[in-house]
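**Student:** kindly return the folded structure for what I paste below:
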Amino acid sequence: MATSKLIDLSHTIKDGMITYKGLPAPLVCDYLSHNNSKYLYEDAEFQIGKIEMIANTGTYIDCPFHRYKDGKDISETELEKFANLPGLTVSAHNENGIEIGVEYFEHVDVLGKAVLVHTDWSDHWQTDAYFENHPFLTEQAAKYLRDKGAKLVGIDSYNIDDTRTKRRPVHSILLGEEILIVEHLCNLKSIPKNTDFYFNAVPPKIKGMGAYPVRAYAQLM
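**Tutor:** Predicted coordinates:
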């Protein structure tokens, strides 16, 4: 039986990696190493890993609780909002600026879709350039996507909002309507144009978290 092609859209989480400037890097290490464990068993050895990190690390998904204290956290958000969403990529390479406005979405049907905004900003991942003057959605674009029925919005950029200001209208608008957000995507260029796919970005089921890393991927139909 033929299997669908899977395209990984996630950054690898590594020890010491900075995702968001000003927030701490993850600590990834052994709790129990192979060498240390072999003295506990007769014919086997095991590694038990340890990770200490903030929730907004690597490629991660935002749920309503990330923005609203009375919003649904990850454990309360329906699995259907994370998985098997019909996907759509929107090319947003703007040579005239970094704002991604309504005009990028007016020619496509976003109803019921995971809308993935492809800017190629992920090419700057783990460089100083990644943190400054990144592409972002405008407030009007967020309202348009909300009103047209998008189910999830992702972007391969540093933030879906303009971080040059302290306002976060895109997070507020989308998460206020339980439209999930995925930030720091990558490899969107590998999704063939005009190809149908499903988008998946499922985090662990954790109580009290509004954001968490995901292994995001596209499943080509």
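**Student:** phi, psi for the spatially most central residue of the chain please.
**Tutor:** When the chain is reduced to its mean C-alpha position, the closest residue under Cα atoms, centre = their mean turns out to be Val182, at 2.8 Å. Listed backbone geometry of Val182 is phi -120, psi 130, with angles given as degrees, to the nearest 10.
**Student:** okay, it: pLDDT?
**Tutor:** If you check Val182, the pLDDT there is 98.
**Student:** before we move on, what about Phe65?
**Tutor:** The model reports Phe65 with a pLDDT of 98.
**Student:** over to His93?
**Tutor:** In this prediction, His93 carries a pLDDT score of 85.
**Student:** same question for the one 4 residues further on.
**Tutor:** Per-residue confidence (pLDDT) for Gly97: 76.
**Student:** residues contacting Met221?
**Tutor:** The contact partners of Met221, by Cβ atoms under 8 Å, 6 or more residues apart in numbering, come to Ser4, Thr195, Asp196, Phe197, Tyr198. Where you see a C-beta, it was placed from the backbone N, CA and C, and this is true even at glycine.
**Student:** in which helix or strand would I find the residue nearest to the residue nearest to the centre of the chain when sequence neighbours are not counted?
**Tutor:** Using Cβ to Cβ, 6 or more residues apart in numbering and skipping the chain neighbours, the partner closest in space to Val182 is Gly154 (3.6 Å). Using DSSP states H and E, the secondary-structure element containing Gly154 is strand 152-155.
**Student:** that strand pairs with which strands, parallel or anti?
**Tutor:** Taking DSSP bridges as the criterion, strand 152-155 pairs within the sheet with strand 114-118 (parallel), strand 180-183 (parallel).
**Student:** may I have the first one exported as CSV, CA atoms only?
**Tutor:** If I follow you right, that is strand 114-118. What follows is the C-alpha trace of strand 114-118 in CSV, where atoms were taken according to Å, rounded to 0.1, in the frame of the first residue of the first chain:
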residue,chain,number,x,y,z
ALA,A,114,-4.3,25.7,8.4
VAL,A,115,-2.9,28.7,6.6
LEU,A,116,1.0,28.6,6.5
VAL,A,117,2.6,31.8,5.6
HIS,A,118,5.8,31.2,3.7
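**Student:** on that earlier part again, who does the residue nearest to Val182 bridge with?
**Tutor:** Judged by DSSP bridges, the bridge partners of Gly154 are Leu116, Val182.
**Student:** my guess is it meets Thr119, correct?
**Tutor:** No: with contacts counted by Cβ atoms under 8 Å, Gly154 stays clear of Thr119, the gap being 11.0 Å.
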